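*Asks:* Have a look at this fold, sequence not included:
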C-alpha cells in the first residue's frame, strides 16, 4: 500500500447483521446514499464532500481527514472506537444525517439494561453532536466529560466517540451529509498513514479544539460549515 488512502465509494457495501450497541436506533440498515438534505446554510457541503473523506483508523484510535484528490491525510483527531467485546462494524459508510443536542434513549443491549433516557446536552452519552453513518446504527459523536479520558483508545460500544469540541470542528471544517467514511483495521496501513501524516509535521488536535463552537451547539444550533483548506498556504 502507498501512503495514499483512496475513496471506495463504488465498493459493494455490507449488510448489517447485528443491531446497534451504543446508539438508540432501530434495527440496522444497509449503507446507502444520503436521503436527507444538507443542513440549512451549508453552502460548502458539496465541495467538502468532493474534497475530503474520513478514515477511521481503528488500530490507532484516530480519525483522519484525507484529501481525496491527493490521497494525503491533512488532519487528525482522537477517537474511541468499539472495544473487542463491542467492536465497530462495517467497512465503508456515507454520512446520512447530523443531529445537534439530541436526546438519548437506551438501546436494547445488555450493557444498557438499567439505563434511563437522557436529554440532549454536553453530558448526553452521545454528546452534543452526532453524525449518522447509516449502518449498524453507528455514529461519529461527542462524549460526556467522564469519557474524555478514554479518547485515543477503544472504549465505545461500536460508535466512534470524539470530544464534543472536536466533533463540532470536524463537521464545521470537513464532514457533512454525504461524506465518505472508511474504517481501517490493517496495522501496516495504519502505520503508513501515520507516517504520511507526521512527515508533514502534523499532530493530533487537542481535544479542546473547537471549544468556541460549543455555546451555539448547547443552544441547539450546529456550526455553520466553512470552506477550510489546510493544504493552502496560510490556512
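*Replies:* That came in fine, so what should we check first? Quick caveat: nothing in here was measured; it's all calculated off a predicted structure. Numbering: from 1, shown residues only.

*Asks:* And the residue nearest to the spatial centre of the chain, how far from residue 96?
*Replies:* For the chain, the residue nearest the mean C-alpha position is residue 140 (3.3 Å; Cα atoms, centre = their mean). Going from residue 140 to residue 96 by Cβ to Cβ, to the nearest Å gives 11 Å. For the C-beta atoms, the positions are set from N, CA and C on the backbone; glycine is no exception.

*Asks:* So for the two, which residues contact both of them?
*Replies:* Residues touching both residue 140 and residue 96 (Cβ atoms under 8 Å, 6 or more residues apart in numbering) are residue 133.

*Asks:* quick revisit: just to be sure, the residue nearest to the centre of the chain is in a strand?
*Replies:* Yes - assessed by DSSP: H, G, I helix; E, B strand; the rest coil, residue 140 belongs to a strand.

*Asks:* Check which helices and strands the top helix by length along the chain sits against.
*Replies:* The single longest helix within the chain, with elements called by DSSP state H, is helix 187-198. For helix 187-198, the packing partners by 3 or more Cβ pairs under 8 Å, 6 or more residues apart in numbering; DSSP states H and E come out as strand 52-57, strand 62-67, strand 73-78.

*Asks:* Mean pLDDT and mean neighbour count added to the ones you listed, as a markdown table?
*Replies:* Listed next are the helices and strands packed on helix 187-198 as a markdown table, based on pLDDT from 0 to 100; neighbours: other Cβ atoms under 10 Å:
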| stretch | mean pLDDT | mean neighbour count |
| --- | --- | --- |
| strand 52-57 | 98 | 24 |
| strand 62-67 | 98 | 24 |
| strand 73-78 | 98 | 23 |
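
*Asks:* Dump those to CSV, plus distance to residue 191.
*Replies:* Supplementary listing: the helices and strands packed on helix 187-198 in CSV, determined by distance: least, Cβ to Cβ, whole Å:
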stretch, distance to residue 191
strand 52-57, 10
strand 62-67, 12
strand 73-78, 13
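
*Asks:* Look up how far residue 197 lies from residue 57.
*Replies:* For residue 57 relative to residue 197 (Cβ to Cβ), the value is 10 Å.

*Asks:* Need the residues touching each of these two.
*Replies:* What both residue 57 and residue 197 touch, as defined by Cβ under 8 Å, 6+ apart, is the set residue 64.

*Asks:* Tell me how many other residues crowd residue 89.
*Replies:* A count of nearby residues for residue 89, using other Cβ atoms under 10 Å, gives 20.
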